[in-house]
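Asker: kindly return the folded structure for what I paste below:
(chains A and B)
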Protein chains: 2
Amino acid sequence: MMVLITYDVDTTDSAGQKRLRQIAKQCVNYGQRVQKSVFECLLDPEQYVQLRHRLEQIMDPETDSIRFYMLGTNWKKRVDHVGAHSSYDPEGPMII
Amino acid sequence: MMVLITYDVDTTDSAGQKRLRQIAKQCVNYGQRVQKSVFECLLDPEQYVQLRHRLEQIMDPETDSIRFYMLGTNWKKRVDHVGAHSSYDPEGPMII
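Answerer: Next up, the predicted model:
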């Protein structure tokens, strides 16, 4: 299933920037970064539990928040994009 | 329908901060800000077209991006949250 992960952290602080880099590093194993703090990840239920656990270990629960949106399997019809950075298809062919 | 709106802008720049404030001002007419650049808005199709048009007028399409995720009507089951700022229910009763 496609899970949208949004991460809220104050990146004016270097520790916050580090946490965001670490969060991104975990998320891109399963999908792609579509905005600075937004990740679209293809996860099965077990992967979701694992990734969520890792992210909870990285985040500062006092100051940061993470939201998970289950977009389901029909997610492509649910997304629209305007502006910089065109949309992408993480399920499409990989171009090397 | 519930539409999740994520906005990517460089807020280290004062013009970017201003655009984010303007985007937030438009979005909170229809829902709530759940993270710094993430908004959950309850919109009918006409409102969606109107809001999207306004946001496109505010954003800088060369540098910013906006993504719209249609979470549908069964959206409450699709959202999970960890960390700071607890979740909320924009369809719930308003407490004054």
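Asker: chain B versus A:Asp64, what's the distance?
Answerer: Between A:Asp64 and chain B the distance is 5 Å, computed by CB to the nearest CB, to the nearest Å. Bear in mind the C-beta positions are built from the backbone N, C-alpha and C, glycine included.
Asker: next one: phi and psi at the residue nearest to that residue when sequence neighbours are not counted?
Answerer: Leaving out its chain neighbours, the residue that sits closest to A:Asp64 by CB to CB, 6 or more residues apart in numbering or on different chains is A:Val9, at 4.6 Å. The phi and psi values for A:Val9, taken as degrees, to the nearest 10, are phi -150, psi 150.
Asker: what's near enough to touch the closest residue in space to A:Ser65 that isn't next to it in sequence?
Answerer: Nearest non-adjacent residue to A:Ser65, counting by CB to CB, 6+ apart: B:Gly83, 4.0 Å away. Under the criterion of CB atoms under 8 Å, 6 or more residues apart in numbering or on different chains, the neighbours of B:Gly83 are A:8, A:56, A:59-61, A:63-66.
Asker: same check, this time on A:Gln57
Answerer: Applying CB under 8 Å, 6+ apart, no residues contact A:Gln57.
Asker: what comes up buried for the host helix or strand of it?
Answerer: Using DSSP states H and E, A:Gln57 falls within helix A:45-58. Neighbour-count burial for helix A:45-58, with 16 or more other CB atoms under 10 Å in any protein chain shown as criterion, is recorded at A:48, A:51-52, A:54-55, A:58.
Asker: now do stretch A:35-42: everything it contacts.
Answerer: Contacts for stretch A:35-42 (CB under 8 Å, 6+ apart): A:1-9, A:11, A:20, A:23-24, A:27-28, A:30-34, A:51, A:71, A:85, A:90-91, B:6-8, B:35-38, B:65, B:67.
Asker: correction: stretch A:60-75
Answerer: Residues contacting stretch A:60-75 (CB under 8 Å, 6+ apart): A:1-10, A:15-16, A:19, A:23, A:40, A:48, A:52, A:55-56, A:59, A:78-79, B:4, B:34-35, B:38, B:69, B:71, B:77-85.
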